[in-house]
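>>> Provided below for reference: sequence and predicted model.
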Number of protein chains: 2
Amino acid sequence: MTQGNGNHNGNGNRNGNGNGGSIITIIYYKNKNLINNGSSYLTSSTTPLDILLSPKYATKEEIDIAIREFIQIVGDDHVSCLEGDLEHHSDSFYNAHKALKTQKPRAIVYPSCTQEVSAVMKICHKYHIPVVAFGGGTSIEGHYVNTRNGISLDLSRMDRILEFNKNDLDVVCDAGVGWQDLNEFLSPHNLMIGVDPGPGAQLGGMTSCNCSGTNAFQFGTMKENVIGLEVVLADGTIITTRQRPRKTSAGYNLTGLFIGSEGTLGIITKVKLKVHVKPENEGIIEIQFESIEDATNSVKNLIQKNIKLNAIELLNNKMMQSLNLSKQLAHIYEEKATLFLKISGASPLITKETIKQIKFVITDNNATYFKVATNDLEKQEIWSARKLALWSAIQYGKSVLGNDAQSISTDVAVPISDLPEIIKLTEHDIEQTDVVGVIVGHVGDGNFHSCLSFNAENEKKAWEIADKCVERAVIQFQGTCSGEHGIGYGKRKYLELELGSQTIDLMRRIKMALDPLRILNPDKILKIDPADIGEH
Amino acid sequence: MTQGNGNHNGNGNRNGNGNGGSIITIIYYKNKNLINNGSSYLTSSTTPLDILLSPKYATKEEIDIAIREFIQIVGDDHVSCLEGDLEHHSDSFYNAHKALKTQKPRAIVYPSCTQEVSAVMKICHKYHIPVVAFGGGTSIEGHYVNTRNGISLDLSRMDRILEFNKNDLDVVCDAGVGWQDLNEFLSPHNLMIGVDPGPGAQLGGMTSCNCSGTNAFQFGTMKENVIGLEVVLADGTIITTRQRPRKTSAGYNLTGLFIGSEGTLGIITKVKLKVHVKPENEGIIEIQFESIEDATNSVKNLIQKNIKLNAIELLNNKMMQSLNLSKQLAHIYEEKATLFLKISGASPLITKETIKQIKFVITDNNATYFKVATNDLEKQEIWSARKLALWSAIQYGKSVLGNDAQSISTDVAVPISDLPEIIKLTEHDIEQTDVVGVIVGHVGDGNFHSCLSFNAENEKKAWEIADKCVERAVIQFQGTCSGEHGIGYGKRKYLELELGSQTIDLMRRIKMALDPLRILNPDKILKIDPADIGEH
C-alpha cells in the first residue's frame, strides 16, 4: 500500500522563512548534490521519482482548523464528516482496486460554484491538504480512493446547464451535471452528447477520466467532444482553457492536458461540450458468427472499406450466454460471437444502401445470422442487450462463483489488425482457469473489456489473466492499458509498462509544476512519493 | 522588438556551483522576497512573466565551440553557416511578422536521426544555446524567426516513412517527411492523410503547428490525426508519448500537449499518424449566392441538418474576382459569394441522395447557381480554384497596389452561428479602406481567413482591420485568434486577449517546467523574458 500520511524523511520546512531560494530544494528534492553543473534536475525536463522527498501534508489538527474555514465558505450544511458520507466517497463495488479501511477522507466539502471551489482550494493549499474531486462516483480504477486522508470535494451541487447554444451545437455546463440529465434536456431539440459512459457519471469526472462508450466510434471520446474548460488550479487560480471555437491552434492545448488528468492537475468546474444532431434513420444490426475471428475480421474489413458506422460492439459467446442467463431480454440469443452495429443516414435510402454494403462484408466473413432492427421496439431490444452486458456479466459471475464474487475489467486497446489475435489469446487464457470471464468491447476503436469474475480462491488467477492481457496489449501489440477507464490508483504499473519510465517522469514534471505541494488527488496516474511502494 | 541577446539583469550564475538549492532562484526568479509563507511562486500553479529573470544564453564564442561539437555528431557536411542558408532559415515572404536583419541563426544543424537530435540538444542544453526547429519553412506567423541568434535545427534529412500499417490505417514517419510525398506513397493503396496544409509542409512542423486545411471538417486537425509522437526534450531526453492505439485514456495526454506547441516544449522527431481510406464516389459542388449571409446561413443549416460533408469552403465575391483575374482557371466565375462542398458516399446512390439533401437547404437560402462535378476533370477544375485562392489573392493585391505589396492573413474561428455577422463586419471594414482584402475559409469549422494586401501607405490600415477582426472574434464572439496557423511570434498579444493572463501564466509554467533554460524556440507563443517589449 501507499504510505498513508507521507512521512517526511528530510529536513523540510514547508512554510519557508524567506531566507532565499533554498526552499524549493528543501521541500522537493532529496539530495542537494543532485544540483550541479547545469545538468541538475532543476534544469532538466523530467522529474524521476527517486529525487523527490515525500510530500508533507496537513496534520489532523490542521485539517480540523481548515474544516472550520470550509464552513465559512460553503455553509454548515455543505461540509460533512458523517461516516456514511465518508464511506460513499471512498470506494464502490465497481472499483477494481479497493480502498483500505484507513483510506477515507476526513470531510466532504460540497461547493456550489467556482468561486467556492477556488476559496476551498486556497485553504487546502495553505494547509497542504490533499483534495480528491468527486463527481458521480462511477469510475472503476480507484480514481477517488483517498490515499492521504484529506478532503473529498464533491461537485454534485454544481449541476446547472449554463448555456445552450443550439445554433452552434454546444453547451456550457457545471461540472456536476449528469450526462443523462443533459441528454434529457437536449432530446426535445433532437440533440444528444457524443459519449455514453456508465449511468450516473457527471461531466467533470467524465472529462477528468476522458470517458467514452459505445458512441466513441462515431463521435470520439471526451477529448474530441470538449471544446473548453474552466479549471481551478491547486493554488485556487481560476483559468479558462478555451472560449467556444470548434477549431483552434492558439497556444498550448490545455484543454487536452486536463482531459484525462483524473483530478491530479486541477479541479474541472465548467465544461464546454459539443452536442450532436441525433442520427436520423437509424438502424441497429445484429450479426452472429461461428468464430470470434470471423467477427473481428469483419470489424477490420468494415473499417477498411470506410463504411460509415455509428458504433461497432463485439460480444463473445460467453457474453451472449451471460445475457441469456440474465433473463432480462426479449428473446434468447444463439451463444455465438456477436456484433451489434449502429448505422444512420441523412435519408432512409442512405441507411438502406449502407446495410447493403455491410452485408457484402459480413457474408465474406461467414456470418451465420443477420438481423436489422428499424422499428423502435426492436432497436431498443437489441441495444438494451448491449447495455445490460456489464451488469449481466457480474450476475453471471455470482451465479457460478457465489454471491461474494468480485469482478474486474481489463480495458486494453490495440491496433485494429491485432484484435483477432489478442481476443483469441485472452479467451484461451480464461478457458484454462475457473475464472468466469466474458468479452465485450468497442471494437471499432480496438478497445475491449475482459470482464473477469472471481472469488477468494481464484482471485490470483483472475489478476494473472488481466496482467497477461495488458502485457500483450502494450508489449506485443503496441496498444494501451486503458482505452477509456483511465489509470487511477490500480493501473499505474501498467502505464509505466506501456510508456516507459522517462515518459512517466515527464508526466511527473508536469504534475510537480502545476501542483508543487502534491495536494491534488495524490498517488493517482503516477507515483508522487518515493516512499510509495505500490498499490496493494 | 524583443531584446536580441537576453541581457541578464540579475546576479545569475547559470552553471551553479553546488552550494545548495539557491540556484533555481538565482537563475529564474527576480526577487527572493517573492518566496515566502507557502504562497510563493514556487508553490503556486502559474508563472507570471514579471517574476522571472531574463534568460542567459550562450555567447558567440560558446556557440563557436558548440559548432565544433555539432560537427562531431552530424558530420562536417551537415552544419552550415552559409549566409544563404541562414537567410532561408530566418524568414519567408509568407511570414506575417518579418524577422529583423539581426534575427538569424548562427548555424544550421541537419541531424539524420533521433539520436543525433538528442546529442545536439544535449550540447545546446550544456551551453544554453537557443534552438529553433525547422521543417518545410511554410509556417506564416514567424514561428521560426530566430529571435535569439542560436541554431536552426533542420529536420528535413529525417524523411523516412518508417512503418506502413495498412491494416491498422496508420503510418510511422520521421518528422521531415513531406505530406505530399506521404500522400503519393499512400495513393496506390487508396489511402490518404487527413490534413492538407500549404505545399511543402513537413510532418514535424505540421504537428508542432497543429495544422489542418480544407479536409479538417471531415478528418479533423493534426490533433485528431496524430496517434503518438517521439519527442526529444530540451535536455536531450527521448520520449514516446504513445504507442499505436486509436483510443486511449492512459495518463496525461502528452501527445496533445506537444501538438501545437510550436517547438517550444520539445523537438518532434517521429509522428504516428492515422491514414484514411480515400472518399469514394466523391462529388464536388459549387454553389453561388447573391449575399454572403445566404452563403453563411447555408453553412449553418447544412451542419445543423447533420448532412455528412467532407469539406465546406467559402469564398467571398472579392475572392472570386481575384480568381478570375488570375487567369489560371478553366472558366470565369460569377463574382458572388461561393461555397465549394466536397461530398462522398459508400455507394453512388448515397452520394446522389446527399446531393438531394444539400439542394433542399441551399434552395431555402436563395442559392442562385448550383453545379455538381462528378467527373475527374470537372472536379479538379473546381477544387483547383479553391487551392489557388491564397496565391491569386496575393497576385490580386500586387496587381492593384504594385509589386511591393505585402499580404497578411487573419485566421480567426468563431462559433458557427456568428459566422454571418463577423464576415459581414469584416467585409465592411475592408470596404472602408484601400486595402485589398478577400475572404476565404474553412467555414464548416467556423474558421476563415481575411487575406489583406497592402503597401507602405496603407500597411497601418491593414493591421487595423486584422486587429479588429481578431478582437471581434475573441471578445464579441467567444472565438479564437487562430484556427489553424498558430501563434508564432506575431500573434502573442492576441492569445492573451483571447485567454487572459492567468491562462498564459499557466502555459508559461509548463514551458518553464519542460524547458527551464528557455532554449526551445524562445519568444514564441508566449513571452519568456520580462525584458521582451513585444514584437515589432
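Okay, I see it.
>>> where exactly do the helices run in the stretch 301-450 of chain A?
For the stretch 301-450 of chain A, helices defined by DSSP state H, counting those that start in this stretch occupy the ranges A:317-326, A:348-364, A:376-387, A:389-401, A:419-431.
>>> out of those, nearest to chain B?
With C-beta to the nearest C-beta as the criterion, chain B lies closest to helix A:348-364 of these, at 4.9 Å. C-beta coordinates here come from the backbone N, C-alpha and C atoms, glycine included.
>>> ok, residues contacting that closest one?
Under the criterion C-beta atoms under 8 Å, 6 or more residues apart in numbering or on different chains, residues A:281-283, A:285, A:287, A:289, A:298, A:301-302, A:305, A:307-309, A:339, A:341, A:343-345, A:370, A:372, B:345-347, B:349-350, B:353-354 lie in contact with helix A:348-364.
>>> Can you say which of the residues you listed are buried?
A:281-283, A:285, A:287, A:289, A:298, A:301-302, A:307-309, A:339, A:341, A:343-345, A:372, B:345-347, B:349-350, B:353-354 (16 or more other C-beta atoms under 10 Å in any protein chain shown).
>>> Mind checking which of these land in strands?
A:283, A:285, A:287, A:289, A:339, A:341, A:343, A:372 (DSSP state E).
>>> Looking at strand pairing, list the partners for the second one.
Pointing back at A:Ile285 there. Under DSSP bridges, the beta-bridge partners of A:Ile285 are A:Leu341, A:Val372.
>>> want to throw the helices of the stretch 301-450 of chain A into JSON lines with distance to B:Thr264?
Shown next, in JSON lines, are the helices of the stretch 301-450 of chain A (distance: least, C-beta to C-beta, whole Å):
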{"stretch": "helix A:317-326", "distance to B:Thr264": "47"}
{"stretch": "helix A:348-364", "distance to B:Thr264": "45"}
{"stretch": "helix A:376-387", "distance to B:Thr264": "45"}
{"stretch": "helix A:389-401", "distance to B:Thr264": "43"}
{"stretch": "helix A:419-431", "distance to B:Thr264": "38"}
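>>> got those helices as JSON lines, with mean pLDDT and distance to A:His143 columns?
JSON lines is the format used below for the helices of the stretch 301-450 of chain A (pLDDT from 0 to 100; distance: least, C-beta to C-beta, whole Å):
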{"stretch": "helix A:317-326", "mean pLDDT": "95", "distance to A:His143": "26"}
{"stretch": "helix A:348-364", "mean pLDDT": "93", "distance to A:His143": "37"}
{"stretch": "helix A:376-387", "mean pLDDT": "90", "distance to A:His143": "23"}
{"stretch": "helix A:389-401", "mean pLDDT": "94", "distance to A:His143": "17"}
{"stretch": "helix A:419-431", "mean pLDDT": "96", "distance to A:His143": "24"}
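>>> so where do the strands sit in the stretch 1-150 of chain A?
A:79-80, A:107-109, A:131-134 (DSSP state E, counting those that start in this stretch).
>>> most neighbours per residue, which of these?
Counting by mean count of other C-beta atoms under 10 Å in any protein chain shown, strand A:131-134 has the highest mean neighbour count of the strands of the stretch 1-150 of chain A, with a mean of 27.
>>> ok, then the element right after that strand?
strand A:151-154 (DSSP states H and E).
>>> Verify the stated contact: A:Val275 with A:Leu191.
Yes - applying C-beta atoms under 8 Å, one finds A:Val275 in contact with A:Leu191, separated by 4.7 Å.
>>> Return every residue with contacts to both of the two.
Common neighbours of A:Val275 and A:Leu191 (C-beta under 8 Å, 6+ apart) are A:Leu169.
>>> can stretch A:512-521 be found next to chain B?
Yes - shown here: stretch A:512-521 in contact with chain B (C-beta under 8 Å from any C-beta of the partner chain) through A:512-517.
>>> Endpoint to endpoint, that stretch covers what distance?
Terminal residues of stretch A:512-521 are spaced 13 Å apart (C-alpha to C-alpha, to the nearest Å).
>>> hmm, who's touching that stretch?
A:14, A:27-28, A:47, A:52, A:55, A:57, A:124-125, A:128-133, A:143-144, A:150, A:233-234, A:262-267, A:511, A:528-529, B:38, B:42-45, B:506, B:509-510, B:512-513.
>>> now stretch A:382-390
Counting by C-beta under 8 Å, 6+ apart, residues outside stretch A:382-390 touching it are A:198, A:214, A:284, A:286, A:313, A:315, A:319, A:322-323, A:326, A:328-329, A:333, A:340, A:342, A:371, A:373, A:409, A:438, A:440, A:449, A:451.
>>> List buried residues within those residues.
A:198, A:214, A:284, A:286, A:313, A:315, A:319, A:322-323, A:326, A:333, A:340, A:342, A:373, A:409, A:438, A:440, A:449, A:451.
>>> just to revisit the earlier point, for the ones in strands among the buried ones among the contacts of helix A:348-364, which one is nearest B:Glu163?
Nearest to B:Glu163 among those: A:Leu339, at 28.6 Å, using C-beta to C-beta.
>>> Give me the nearest residue to the closest one, chain neighbours excluded.
Closest residue in space to A:Leu339, ignoring its immediate chain neighbours: A:Ile287 at 4.6 Å, by C-beta to C-beta, 6 or more residues apart in numbering or on different chains.
>>> Identify the residues contacting the one you found.
A:295, A:298, A:338-339, A:341, A:362, A:367, A:369-371.
>>> could you redo the last one with a cut-off of 10 Å?
With contact set as C-beta atoms under 10 Å, 6 or more residues apart in numbering or on different chains, A:Ile287 has these partners: A:294-295, A:298, A:336-341, A:358-359, A:361-362, A:365, A:367-372.
>>> Same question for A:Ala96.
Here A:Ala96 is in contact with A:140-142, A:406-411, A:452, A:463, A:466, A:485, A:488-491 (criterion: C-beta under 10 Å, 6+ apart).
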